[in-house]
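# Need coordinates for the following:
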Amino acid sequence: MLKIILRRLIQILLVIWSVGTLTFILTRQLSGDMAYRIAASRYGYDQTDSAAADAVRAELALDQDWWVSYFNWLTDLVQFNLGKSLVTGDSVWSEIQHQFGHTLSLALVALVLAVLIGPPLGLLAARKPNGFFDRLTLVFSTLFRSVPAFIIAIGLITLFAAQLRWLPAGGYGSWQHFVLPALTLAIGLSAVSVRVTRSAMVQAKSSEFYQFAQLKGLSRWQTFWRHGLPNIAVPVIAYHAVQLVYLIEGVVIVESLFAWPGSGHALVHAIIARDVPMIQGTTLVMGGLFVVLNMIADMLSAWIDPRIKN
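Okay, the predicted model is just below:
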């Protein structure tokens, strides 16, 4: 466990530096006048002119050399200072703390839904390999995994919000607002976990130790609980750990579509407004979260299967 934690801590440092540096480079390659975009976000496009843009440029020192800006950012990062938003003037940390709770709650609900949808369907498909239900899950798994998240979101909004009017199409405030965005993310995650669970269960059932457990007199449920579940849990956890990047990326799109007040939605607006500190801070938190969640998945896998040493 200690080895896993130390390795992941080193990865967090590398991810923070690499993601921050890449974000710094990309934001400076965006087209348009950064000062004008920031001024427009502050005062509105109708109230923004070249004089307002020049004032913002002088205030924020946007005309200084890139290496000076990068060195200043790196110095602040070492001190855990993400700076202030160029648009609102508030601390980036306070902005992220306000938004990230909404993103994390949505991601956790989506992950729980994915676990409740994918593995149970995979276990049902593994009961009769190559049967009708197995082939049906293969078709739907391939379909939903190949469809982008925004297409799934539009389909759910059209069906449940526009046609049936069971759920709100967007916003935040009650548990009903969680359903459609979380389900959009969960469908993409569970599409492949169905097949991962099915393959792991079929392999476990065909193994000698599984068949011997049944010959010993254990019931089907006891055999599954003692010998099947531990062996399918590791690949399922490993898959969801890898697919957490899909969850983090999908949050940016889904929050924008459903007007969810989270980090993904704020990141889109920060990019439009050229709010570089907010872009860097949000991407750093998302990158660090990905490494932390993968570390937790590694620790769970090592706890389930002691043979895993790395």
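
# rounded to a whole number, what's the mean pLDDT of the helix or strand hosting A52?
Here A52 sits within helix 50-60, counting by DSSP states H and E. Average pLDDT, helix 50-60: 77.

# who touches it?
Under the criterion Cβ atoms under 8 Å, 6 or more residues apart in numbering, residues 33, 35-36, 38-39, 42-43, 62-63, 86 lie in contact with helix 50-60. For glycine as for every other residue, the C-beta is placed from the backbone atoms N, C-alpha and C.

# Name the residues of the helix or strand just after it that come out as buried.
Later in the chain than helix 50-60, the nearest helix or strand by DSSP H and E is helix 66-78. Under the neighbour-count criterion of 16 or more other Cβ atoms under 10 Å, helix 66-78 has 73, 77 buried.

# just checking, what packs against helix 66-78?
helix 2-29 (3 or more Cβ pairs under 8 Å, 6 or more residues apart in numbering; DSSP states H and E).

# Give me the pLDDT for T184.
For T184, the predicted pLDDT is 91.

# Just give me how far stretch 236-254 sits from the chain centre.
How far stretch 236-254 lies from its chain's middle: 5 Å, per Cα atoms, centre = their mean, to the nearest Å.

# G188 versus V268, what's the distance?
V268 is 19 Å from G188, where distance means Cβ to Cβ, to the nearest Å.

# do R28 as well
In this view, R28 and G188 are 32 Å apart by Cβ to Cβ.

# ditto for M299
For M299, the distance to G188 (Cβ to Cβ) stands at 25 Å.

# I16 too?
From I16 over to G188 the distance is 27 Å, taken as Cβ to Cβ.

# who's more crowded, the two?
With neighbours defined as other Cβ atoms under 10 Å, I16 and G188 compare such that G188 has more, 23 against 18.

# Now do the contacts for that one.
Contact analysis of G188 by Cβ under 8 Å, 6+ apart lists 144-145, 149, 152, 246, 250.

# Need the residues you listed in a markdown table (columns: pLDDT, neighbour count and distance to L113).
Shown next, in a markdown table, are the contacts of G188 (pLDDT from 0 to 100; neighbours: other Cβ atoms under 10 Å; distance: Cβ to Cβ, whole Å):
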| residue | pLDDT | neighbour count | distance to L113 |
| --- | --- | --- | --- |
| F144 | 86 | 17 | 13 |
| R145 | 82 | 16 | 16 |
| A149 | 83 | 21 | 14 |
| I152 | 89 | 22 | 13 |
| Y246 | 65 | 16 | 14 |
| G250 | 71 | 25 | 13 |
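
# Tell me the one of the residues you listed nearest I279?
Closest approach between those and I279, by Cβ to Cβ: G250, at 18.5 Å.

# which SS state does that closest one fall under?
Three-state assignment for G250 (DSSP: H, G, I helix; E, B strand; the rest coil): helix.

# State the phi and psi torsions of the nearest residue to it once chain neighbours are set aside.
Spatial nearest neighbour of G250, chain neighbours left out: A149 (4.6 Å); criterion: Cβ to Cβ, 6 or more residues apart in numbering. When read as degrees, to the nearest 10, the backbone of A149 gives phi -60, psi -30.

# Could you do K84 as well?
The phi/psi pair for K84 (degrees, to the nearest 10) is phi -120, psi 150.

# The helix or strand containing G188: how far from the chain's middle?
In the assignment (DSSP H and E), G188 maps to helix 176-205. Distance, stretch centre to chain centre, for helix 176-205: 15 Å (Cα atoms, centre = their mean).

# and what of stretch 119-137?
Relative to its chain's centre, stretch 119-137 lies at 27 Å (Cα atoms, centre = their mean).

# For that stretch, what is the spacing between the initial and final residues?
With Cα to Cα, to the nearest Å as the measure, stretch 119-137 spans 12 Å from end to end.

# pLDDT of it, averaged?
Mean predicted lDDT for stretch 119-137 stands at 89.

# the strands in the stretch 201-310 of the chain, which residues?
Here the stretch 201-310 of the chain has no strands by DSSP state E, counting those that start in this stretch.
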